[in-house]
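Undergrad: Attaching a predicted model along with its sequence, questions to come.
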Amino acid sequence: MIQQALLAATDAGELKDGLSAVGYGLAAIGPGIGIGTLVGQSVQAMARQPEMAGQVRTTMFLGIAFAEALALIGFVVKFI
């Protein structure tokens with residue numbers, strides 16, 4: 001009886017670990033799509049107005065940092 005309870009607790013822990021890894025993988029898709037869209041639109045803006053390239057590049061890097069922060073927060077939450 002005790003062995004079955006311990007086995008069930010171990011299986012539950014492994015299931016939780018597996019589901020949290022899958023959840024983080026799914027959560028990382030959002031920032032990935034966001035960064036891709038951001039960079040693509042920034043390149044398009046720089047091609048249309050080359051004189052604004054410096055401002056667009058600065059804003060692009062700020063946006064990338066914020067989007068990447070979401071992925072890192074999700075990574076930390078996975079371990080909590």
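TA: On my side now, so go ahead.
Undergrad: now Glu68: how far from Leu19?
TA: 24 Å (CB to CB, to the nearest Å). Yep, even glycine has a C-beta here, placed from its N, CA and C like the rest.
Undergrad: Between those two, which has more neighbouring residues?
TA: Glu68 (14 against 10; other CB atoms under 10 Å).
Undergrad: Excluding chain neighbours, what is closest to that one?
TA: Nearest residue to Glu68 in three dimensions, chain neighbours excluded: Pro31, at 6.3 Å (CB to CB, 6 or more residues apart in numbering).
Undergrad: wouldn't the one you found be in contact with Ala65 here?
TA: No: Pro31 lies out of contact with Ala65 (CB atoms under 8 Å); the separation is 10.9 Å.
Undergrad: Please say which of those two ends up with more neighbours.
TA: More crowded of Pro31 and Ala65, by other CB under 10 Å: Pro31, with 20 against 9.
Undergrad: tell me which strands and helices the helix or strand hosting the more buried one is in contact with?
TA: Following DSSP states H and E, one finds Pro31 within helix 29-48. Helix 29-48 makes packing contacts with helix 53-79 when contacts are defined by 3 or more CB pairs under 8 Å, 6 or more residues apart in numbering; DSSP states H and E.
Undergrad: State the distance from the residue nearest to Glu68 to Val43.
TA: From Pro31 to Val43 the distance is 19 Å (CB to CB).
Undergrad: What residues does the closest residue to Ala27 other than its chain neighbours make contact with?
TA: Among residues not flanking Ala27 along the chain, Gly74 sits closest, at 4.3 Å (CB to CB, 6+ apart). When contacts are counted by CB atoms under 8 Å, 6 or more residues apart in numbering, Gly74 touches Tyr24, Ala27, Ala28.
Undergrad: gap between the residue nearest to Glu68 and Lys16?
TA: Taken as CB to CB, the span from Pro31 to Lys16 is 23 Å.
Undergrad: Tell me the backbone dihedrals of Gln49, please.
TA: phi -130, psi 80 (degrees, to the nearest 10).
Undergrad: let me redo that: Ala28
TA: According to degrees, to the nearest 10, Ala28 has phi -80, psi -10.
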